[in-house]
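Asks: here is my input; please provide its structure:
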Amino acid sequence: MAFGKITKRLARKPDRKIKVFGERNTGTRAVVRMLLDHKGVAPVSPGYKKPDLDALATRINENLSGYHRELFNDALEDIRCSRLGGISAWKHAAPLVDESYAAKEASVLFLVRDPYSWIAAFFRNPYHARAPLPATLTAFLEQPWLTMRRDNIAPVLMSPMELWNAKLGAYRAFEEAAPVPSTVLHFEAFVLDPVGALGAALAQFDIPATGLAEIRESTKNDGESRDSRMQYYRQKAWESEVSPEAARLINAYVDWDVAGHFGYHRRDPDEFVAG
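Replies: As a prediction, the model looks like this:
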């Protein structure tokens with residue numbers, strides 16, 4: 001009996017590998033959590049165990065605190081990611097095509113978000129900001145942005161909006177060059193119907209969605225309930241956070257050729273009413 005169980009286990013089909021890429025505030029945490037819980041799927045994550053860097057991390061955390069600890073740990077994270085690359089790259093990175101994707105027989109899932117909605121969310125949650133946060137979205141759009149080395153793009157950008165251009169431009173280039181299948185998951189669809197939207201994306205890879213389950217609690221530990229989150233996006237409440245002036249700046253900064261490739265289009269600034 002024991003031998004039969006072992007034989008059955010060895011004969012089981014290996015999990016399908018999926019690499020998730022998405023800029024900050026596009027739902028990457030929730031998508032990866034759902035994939036981790038889904039039978040037959042294995043989201044690819046960086047392999048971080050490096051004894052020399054682990055010892056350095058211990059020294060940093062024992063001797064530094066606050067912003068300085070964060071600064072040093074981010075630099076350390078950049079070093080870790082520089083040793084990986086390819087399919088093991090940071091989920092927020094601009095992906096580079098190499099043989100590692102085909103070697104793992106992986107599929108690639110790109111998470112994208114409407115540029116107006118994305119910059120409003122990024123202003124609320126400016127992960128990895130290295131400058132004081134301005135008081136308004138308009139000022140934020142005009143403030144230079146210092147990137148992480150692991151972003152795999154230029155070190156300094158004219159505006160945080162250029163993060164969106166660089167990442168989605170890299171996704172399009174990857175789609176055209178990579179020898180593995182890829183597809184796009186739009187945040188707008190995912191946030192309102194996580195199971196349906198992600199299930200449709202998995203279907204593009206011939207992966208069954210049976211048993212796929214929603215992560216109902218917030219992945220950001222912000223105490224927000226599922227109902228309030230759904231209502232916020234269903235009513236497009238974020239639009240009240242974008243002023244006509246901010247919308248004009250967004251229109252000026254966004255690469256609309258790239259945006260159009262992913263189904264996003266320029267809007268009239270007068271559609272926005274925030275002060």
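Asks: could you check how far L56 is from D151?
Replies: Distance of L56 to D151, given as CB to CB, to the nearest Å: 21 Å. The C-beta positions use only the backbone N, C-alpha and C, and glycine is treated the same way.
Asks: neighbour-wise, which of the two wins?
Replies: D151 (23 against 16; other CB atoms under 10 Å).
Asks: just give the nearest non-adjacent residue to that one, would you?
Replies: Spatial nearest neighbour of D151, chain neighbours left out: A93 (6.1 Å); criterion: CB to CB, 6 or more residues apart in numbering.
Asks: for R83, see how far away that neighbour is.
Replies: Noted for A93: a distance of 14 Å to R83, by CB to CB.
Asks: who's more crowded, those two?
Replies: A count of neighbours by other CB under 10 Å puts A93 above the other of A93 and R83, at 21 against 12.
Asks: quick one: residues contacting that one.
Replies: Neighbouring residues of A93 by CB atoms under 8 Å, 6 or more residues apart in numbering: F21, C81, R150, D151, N152.
Asks: run the last query once more with 10 Å
Replies: A93 sits next to 21, 23, 46, 81, 84-85, 148-153, 167, 170 when contact means CB atoms under 10 Å, 6 or more residues apart in numbering.
Asks: take these and lay them out in JSON lines including pLDDT.
Replies: Putting the contacts of A93 into JSON lines (pLDDT from 0 to 100) gives the following:
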{"residue": "F21", "pLDDT": "98"}
{"residue": "E23", "pLDDT": "98"}
{"residue": "P46", "pLDDT": "75"}
{"residue": "C81", "pLDDT": "88"}
{"residue": "L84", "pLDDT": "83"}
{"residue": "G85", "pLDDT": "76"}
{"residue": "M148", "pLDDT": "96"}
{"residue": "R149", "pLDDT": "96"}
{"residue": "R150", "pLDDT": "95"}
{"residue": "D151", "pLDDT": "97"}
{"residue": "N152", "pLDDT": "96"}
{"residue": "I153", "pLDDT": "97"}
{"residue": "K167", "pLDDT": "98"}
{"residue": "A170", "pLDDT": "98"}
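Asks: can you flag the buried ones in the residues you listed?
Replies: Among these, those classed as buried by 16 or more other CB atoms under 10 Å are 21, 23, 46, 81, 84-85, 148-153, 167, 170.
Asks: can you redo these as a markdown table with distance to E214 and secondary structure?
Replies: Listed next are the buried ones among the contacts of A93 as a markdown table, based on distance: CB to CB, whole Å; DSSP: H, G, I helix; E, B strand; the rest coil:
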| residue | distance to E214 | secondary structure |
| --- | --- | --- |
| F21 | 21 | strand |
| E23 | 22 | coil |
| P46 | 26 | coil |
| C81 | 30 | helix |
| L84 | 30 | coil |
| G85 | 32 | coil |
| M148 | 30 | coil |
| R149 | 34 | helix |
| R150 | 29 | helix |
| D151 | 29 | helix |
| N152 | 31 | coil |
| I153 | 32 | coil |
| K167 | 25 | helix |
| A170 | 29 | helix |
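Asks: per-residue pLDDT, the spatially closest residue to A247 that is not a sequence neighbour?
Replies: Spatially, and ignoring its direct neighbours in sequence, A247 is nearest to P269 (3.8 Å; CB to CB, 6+ apart). Reading off the confidence values, P269 has pLDDT 97.
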